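Undergrad: Quick one: sequence plus predicted model below, questions after.
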Amino acid sequence: MLFFYVKIMKEARNPACACMLKFMFLFKNMDAQKKEELKSKILFGFDIILAVFIVLSLFFYFTHSLQLSEVVFIALSFLGLLPVLRSAVLALWQKKLSIDLLASIALVFAMLAKEWHSAAFINLMLIFARTFSFWTEMRAKDIVSHLLKCRPAKVKIKRGEEISEIPVEQIAKGDLLVIESGDRIPADGVVVSGQASINQSVLTGESEPVVKKEGSQVFSSTLNEAGSLLVRAEKIGKDSTAEKIISLIKEASREKSPSEQVAAHFTGWYIFLTFFGSLILYLVFKNVQMVLAVLLVTCADDIAVAIPLAFTTAIAWAARQGILIKGASVVEGLSKIKYFMTDKTGTLTFGKPKIKELVIFSNDSKKEIMQLFGTAEINSHHPSSQAVIRYLKEKDILISAPDEFNEFPGDGISIVKNGKTFSVGKVRWLKEKGVAFGQSQLEKIDLIEKNGLSITALADGKKLLAVAVLEDELRPFAKSLVKSTRKLGVARWVMLTGDNKKAAALVANELGIKAYQAELRPETKLAYIKEFKQENNGTLAMIGDGVNDAAALALADVSIAMGVIGSDAAIEAADVALMKDTLHEIPLAMRLGKRTLSIVRQNFWIWGIINALGLFLVFTGVLTPVGAAAYNFLTDFLPILNALRIGVARKQQ
């Protein structure tokens, strides 16, 4: 086939013919998505040219500066009919009633009645509707295009002592990337050496640079503003954070909200009633001009564009703020949140507890106790385990690996070292394992917990050795988050935590949360959420980290994961993924949802009032078919422009 095309192209003397053959060859080898994009762009170009000719023709006709032949309007009418008739037929083939069917009928009626100027206005109206629809799709692709532009074409890599430049597509996992000042980072990775200020605004919406040094994570498409780094590539191509975001936004733009589904269902009935209503009008009054005017007034292409445009604009605007919303139904869900459930550690608090002190109950030295703690916690990623490891590193304590390691999520860890069994975890769990607690020990632990501190205990078999006292700092915006969401209609907050009741009560009281559940295990947390949903009607939102809370998030009507940058699991787990590790964006997302739904409702009212007024003007003889077509064309812009107001939302709203 390739040989066939090349041969014809060589033999074709006409340059236009050669170009056409080349285009056919390129089009044939495109993937399906690119073919659809190209078709859309060609149709868009055709529409623009046609619109220019129609506007000029109408202008010259109405100003009488030039008497155009009827043939010009006939040609323009037939050209305008082709795309809308094609769309209507394709919809019917799929057993759907589209607004293009009603438009096709109106256009055919106008042409049969030789109302060429009405047909011109109808075509102009339909062209603008298709143009806004195309623009709606482009809005969804704006951020995708921006992210794609932020991907560098080439990158410097270090292999041995040599530094070479290769295309970004050739990066392999484990390659050492040389990132100099002004470079875009081509892949997710870890800094091996160097220090730099990285602008992550393309992913998080925050323009304030973040300092990256040895051990820091860096992400694809972010910009190195100053400094230099040597980065080991970990996630490349489609596995990178930027590519995950691109995929998410593409999926979100295709998903429909309940309002859009209702509008689509309504459209089917609306077309049916309009068509048969017009037929009855003709049978009663025998007035083709009036029937045609009714069809022209009631063509609902504006609402068909304005509703999806509102949701697409909202999703695109949110993404620029570092809020990834997975579809129009989530935007609508954000506007209806009645209950909030949240984890404590890592959500309301920073999730990086610090060791405040070690309380030793045995004759072992502090160093021996610290080494045992380290051996038990070294293989765990739990926040309290990480706190112990950080504490030991600060004290320069050497940590040895255990001979055996078993972790019990939500409870603790059991290890074997030098033939002895040790356990580290919650006091409740150690009691269940038969560890003995003396009265003085319990009193000491009780006093610690009354001060709102957490405890992780260490036991040798059945004997309690020591407890590590941990403190975790509240996030500064946590208190105002609860207040802000209550003003937005949230009736109840519930805090869920595995911490002890006294520590939970202290945090809950400080934040103004009346309901909380403490000492929860993962399975009891899920059971509580299920029970809560059964007993309470209304939209339930859950805030978590998207990894440890993935199962709980899946049960919520709207799931929100915080600080997901670099976490594939978190991005995939939640309905709303906050790229920044802050709480500020949650009320912002809720306000955006309410604003979007409010504008959607306004658009239905605007459309209803416009149609009612138009029909009144038709039945009173004010609007002829030409006037009806012009009326519909001009009023089409009202719901569309109203939908675009979402794009000028402000954070302070």
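TA: Okay, I see it. Numbers count the residues shown, from 1 in each chain.

Undergrad: Figure out the helix or strand that residue 414 lives in.
TA: strand 412-417 (DSSP states H and E).

Undergrad: Mind listing the strands that strand pairs with, and their directions?
TA: Partners of strand 412-417 in the sheet, by DSSP bridges, are strand 404-408 (antiparallel), strand 420-425 (antiparallel).

Undergrad: any weak-confidence spans in the stretch 251-400 of the chain?
TA: 251-268, 300-301 (pLDDT under 70).

Undergrad: now the helices: where do they sit in it?
TA: Counting by DSSP state H, counting those that start in this stretch, the segments of the stretch 251-400 of the chain that form helices are 258-285, 288-297, 301-320, 328-334, 366-377, 383-394.

Undergrad: so can I have a markdown table of those helices showing distance to residue 560?
TA: C-beta coordinates here come from the backbone N, C-alpha and C atoms, glycine included. Putting the helices of the stretch 251-400 of the chain into a markdown table (distance: least, CB to CB, whole Å) gives the following:
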| stretch | distance to residue 560 |
| --- | --- |
| helix 258-285 | 19 |
| helix 288-297 | 44 |
| helix 301-320 | 12 |
| helix 328-334 | 9 |
| helix 366-377 | 29 |
| helix 383-394 | 19 |
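
Undergrad: just to revisit the earlier point, ok and the strand holding residue 414 relative to helix 383-394, angle-wise?
TA: 50 degrees (axes from the mean of the first three to the mean of the last three CA atoms, to 10 degrees).

Undergrad: quick check: angle from strand 412-417 to helix 366-377?
TA: In terms of direction (the same axes, to 10 degrees), strand 412-417 departs from helix 366-377 by 110 degrees.

Undergrad: what does strand 412-417 contact?
TA: Outside strand 412-417, the residues that touch it by CB atoms under 8 Å, 6 or more residues apart in numbering are 372, 375-377, 380, 385, 400, 402-408, 421-426, 429-430, 456.

Undergrad: So among the residues you listed, which ones count as buried?
TA: 372, 375-377, 380, 385, 402, 405, 407, 422-426, 429-430, 456 (16 or more other CB atoms under 10 Å).

Undergrad: Tabulate the strands paired with strand 412-417 (a markdown table), appending distance to residue 219.
TA: Output for the strands paired with strand 412-417, formatted as a markdown table (distance: least, CB to CB, whole Å):
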| stretch | distance to residue 219 |
| --- | --- |
| strand 404-408 | 29 |
| strand 420-425 | 34 |
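
Undergrad: Let me have those strands in CSV, adding distance to residue 554 and mean pLDDT as columns.
TA: CSV is the format used below for those (distance: least, CB to CB, whole Å; pLDDT from 0 to 100):
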stretch, distance to residue 554, mean pLDDT
strand 404-408, 22, 89
strand 420-425, 26, 91
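
Undergrad: Residue 153: which of those is closest?
TA: Closest approach to residue 153 among these is made by strand 404-408 (44.7 Å; CB to CB).

Undergrad: mind listing what's buried in the strand holding residue 414?
TA: Here strand 412-417 shows 412-415, 417 as buried, counting by 16+ other CB under 10 Å.

Undergrad: next helix or strand past the host helix or strand of residue 608?
TA: Assessed by DSSP H and E, residue 608 sits inside helix 585-619. Counting by DSSP H and E, the next helix or strand C-terminal to helix 585-619 is helix 625-635.

Undergrad: quick one, that next one and helix 288-297 angle?
TA: 10 degrees.

Undergrad: tell me what helix 625-635 is packed against?
TA: helix 116-149, helix 288-297, helix 585-619 (3 or more CB pairs under 8 Å, 6 or more residues apart in numbering; DSSP states H and E).

Undergrad: now the strands for the stretch 351-500 of the chain?
TA: Along the stretch 351-500 of the chain, counting by DSSP state E, counting those that start in this stretch, strands occupy 354-360, 404-408, 412-417, 420-425, 454-460, 463-471, 492-496.

Undergrad: Turn these into TSV, columns for distance to residue 574.
TA: Listed next are the strands of the stretch 351-500 of the chain as TSV, based on distance: least, CB to CB, whole Å:
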stretch	distance to residue 574
strand 354-360	28
strand 404-408	25
strand 412-417	28
strand 420-425	28
strand 454-460	26
strand 463-471	27
strand 492-496	16
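
Undergrad: and of those strands, who's closest to residue 503?
TA: Smallest distance to residue 503 across the strands of the stretch 351-500 of the chain (CB to CB): 5.3 Å, for strand 454-460.

Undergrad: avg pLDDT for the closest one?
TA: For strand 454-460, mean pLDDT is 89.

Undergrad: Does residue 578 touch residue 586 like I think?
TA: Yes: here residue 578 reaches residue 586: they are 7.5 Å apart, a contact under CB atoms under 8 Å.

Undergrad: list the residues that contact both of the two?
TA: With CB under 8 Å, 6+ apart as the test, residue 578 and residue 586 both reach residue 560.

Undergrad: hang on, the earlier thing: closest to residue 152 out of the buried residues of strand 412-417?
TA: Nearest to residue 152 among the buried residues of strand 412-417, with distances taken as CB to CB, is residue 413, at 43.5 Å.

Undergrad: hey, what's that closest one bridged with?
TA: residue 407, residue 424.

Undergrad: quick one on the thing from earlier: do you know which of the helices of the stretch 251-400 of the chain lies nearest residue 556?
TA: That would be helix 328-334 among the helices of the stretch 251-400 of the chain, by CB to CB, at 9.6 Å.

Undergrad: Return the distance of that closest one from the chain's centre.
TA: 10 Å (CA atoms, centre = their mean, to the nearest Å).
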